[in-house]
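K.L.:
A predicted structure for the sequence below; I have some questions about it.
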Amino acid sequence: MSKKIVIEPVTRLEGHGKVTILLDDNGNVDKTRFHVTQVRGFEKFCEGRLFWEMPVITPRICGICPVSHHLASAKAGDAILGVKLTPTAEKLRRLIHMAQMVQSHALHFFYLASPDLLFGMDADPAKRNIMGVIAEAPEIAVKGVKIRAFGQKNNRDDGG
Amino acid sequence: MSNEHDEEVAKKLRANCKILMVWGDCACFVGICAMRNLFPKEEILQRYYSTESTSKDSKIPTSEDLPPLTEVKPVNQVVKVDCYVPGCPPSAKAIHYALAELLEGRIPVLPGEIMRFD
């Protein structure tokens, strides 16, 4: 009897996803699919809008990497206008982009990956998450929060 | 709340908790996600699956595993909500206020001064 295994939600990514694994009659894996179940429509609803709205709209694509979207849409606006950045502006942009990388990597490592690394892949899923890390190894969780705060504070101070 | 699965999850959450708090503009009043409601679903999916950068056979995927898209709604149109923490994202002050009130045993109602436009 063929069987379907569903993994939902997908918890080590940012965003919504679902994995279905179809087994054949012998219990071997026949097909595996990764489903992206969320479609918000940014690519469509931005069409026809003013180009200078894009640095406000596109950061809402992702709560972890809004800076990347912000800078990409700013660059697109610069290209439309034929503008060359001043050296200071370019340095500031690079700075906030790197600060974002600091907080985004810290988020992935400390909040998403550390539970698997600390507790092992076979640990109870009810515990194998950031709440489990806070309970068992709070100093690691706090480190993650502080590294993220460093990146986010830089983004706030230099990005506005 | 943008597809049937989201609505099921909201109902499950509501059934299993005493206080339901919605976090962020999208949950409070839909926010930017409301812009999908301006277009028919077919047009949105067409844009995704038949453009220069996406799947080469340009077919819109249909599968029983994909939850059908619904009209985008705020959480309170699907289940009863007890408190709201708006913001995109909610500011640190707003989060702190909401959690502090909850820890004191009160349902937070955020004062206007700690909310802002972005």
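P.N.:
Nice, I can see it.

K.L.:
going forward, measure contacts between C-alpha atoms and count neighbours the same way
P.N.:
Will do.

K.L.:
Low-confidence stretches in chain A?
P.N.:
Along chain A, the model assigns pLDDT under 70 to residues A:1, A:160.

K.L.:
Specify the helix with the largest residue count in it.
P.N.:
Identified as the longest helix of chain A according to DSSP state H is helix A:138-159.

K.L.:
Show residues contacting that helix.
P.N.:
Applying CA atoms under 8 Å, 6 or more residues apart in numbering or on different chains, the contact partners of helix A:138-159 are A:92-93, A:95-96, A:99-104, A:106-107, A:110-111, A:130, A:133-134.

K.L.:
go with 7 Å
P.N.:
A:92, A:96, A:99-100, A:102-103, A:106-107, A:110, A:133-134 (CA atoms under 7 Å, 6 or more residues apart in numbering or on different chains).

K.L.:
out of these, who's nearest residue B:63?
P.N.:
residue A:107 (32.8 Å; CA to CA).

K.L.:
Where does residue A:13 sit, in terms of helix or strand?
P.N.:
Counting by DSSP states H and E, no helix or strand carries residue A:13.

K.L.:
got the buried residues for stretch A:22-29?
P.N.:
Of all the residues in stretch A:22-29, those buried under the rule 16 or more other CA atoms under 10 Å in any protein chain shown are A:22-23.

K.L.:
and it, does that touch chain B?
P.N.:
No: Stretch A:22-29 does not reach chain B (CA under 7 Å from any CA of the partner chain); its nearest approach is 11.7 Å.

K.L.:
any idea where the helices of chain A begin and end?
P.N.:
Counting by DSSP H, chain A has helices at residues A:42-45, A:54-57, A:66-81, A:87-106, A:114-119, A:130-136, A:138-159.

K.L.:
mind putting the ones you listed in a markdown table, mean neighbour count included?
P.N.:
Listed next are those as a markdown table, based on neighbours: other CA atoms under 10 Å in any protein chain shown:
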| stretch | mean neighbour count |
| --- | --- |
| helix A:42-45 | 17 |
| helix A:54-57 | 17 |
| helix A:66-81 | 17 |
| helix A:87-106 | 17 |
| helix A:114-119 | 18 |
| helix A:130-136 | 16 |
| helix A:138-159 | 16 |
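
K.L.:
Adding distance to residue B:79, write those out as JSON lines.
P.N.:
Output for the helices of chain A, formatted as JSON lines (distance: least, CA to CA, whole Å):
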{"stretch": "helix A:42-45", "distance to residue B:79": "26"}
{"stretch": "helix A:54-57", "distance to residue B:79": "28"}
{"stretch": "helix A:66-81", "distance to residue B:79": "29"}
{"stretch": "helix A:87-106", "distance to residue B:79": "32"}
{"stretch": "helix A:114-119", "distance to residue B:79": "32"}
{"stretch": "helix A:130-136", "distance to residue B:79": "26"}
{"stretch": "helix A:138-159", "distance to residue B:79": "32"}
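
K.L.:
List the buried residues for the worst-scoring helix or strand of chain B on mean pLDDT?
P.N.:
The least trusted helix or strand in chain B, going by mean pLDDT, DSSP states H and E, turns out to be helix B:41-49, with a mean of 83. Buried residues in helix B:41-49, counted by 16+ other CA under 10 Å: B:44-45, B:47-49.

K.L.:
Alright, calling it a day.
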